[in-house]
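Visitor: sequence-free structure coming up:
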């Protein structure tokens, strides 16, 4: 990755280039987390099911 990065970004701009990569990654992850509400709700429901099953197994 670093070798490929250095092909397109001059040595003097390494820090700025990696900062931009970091900010773009952070933005994409934040956008993905904000727009995938349906998947988050399904995950919450599945977690509740697993917790209910675990509680049922612990109680005789």
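Guide: Everything's here; your move. Since this is a predicted model, take the numbers as computed values, not measurements.
Visitor: and residue 59, how many neighbours?
Guide: Residues within reach of residue 59, counting by other CB atoms under 10 Å, total 6. (Glycine included, C-beta is placed from N, CA and C.)
Visitor: How much space separates it from residue 47?
Guide: 19 Å (CB to CB, to the nearest Å).
Visitor: List the contacts of the host helix or strand of residue 51.
Guide: Assessed by DSSP states H and E, residue 51 sits inside helix 37-58. Under the contact criterion CB atoms under 8 Å, 6 or more residues apart in numbering, helix 37-58 has no outside partners.
Visitor: Helix, strand, or coil at residue 13?
Guide: Of the three states, residue 13 takes helix under DSSP: H, G, I helix; E, B strand; the rest coil.
Visitor: for the worst-scoring helix or strand of the chain on mean pLDDT, packing partners?
Guide: The helix or strand of the chain with the poorest confidence is helix 2-8; it has a mean of 78 (mean pLDDT, DSSP states H and E). When contacts are defined as 3 or more CB pairs under 8 Å, 6 or more residues apart in numbering; DSSP states H and E, helix 2-8 sits against helix 14-35.
Visitor: where in this protein is pLDDT low?
Guide: In the predicted model, the chain carries pLDDT under 70 at residues 1-2, 60.
Visitor: and with 80 instead?
Guide: 1-6, 33-37, 58-60 (pLDDT under 80).
Visitor: for it, which residue is closest to the average position?
Guide: Computing the C-alpha centroid of the chain and ranking residues by CA atoms, centre = their mean puts residue 29 first, at 5.1 Å.
Visitor: Could you check how far that residue is from residue 10?
Guide: Plainly put, residue 29 is 27 Å away from residue 10 if you go by CB to CB.
Visitor: re the thing from before, ok, and what's touching the least confident helix or strand of the chain?
Guide: 14, 17-18, 21.
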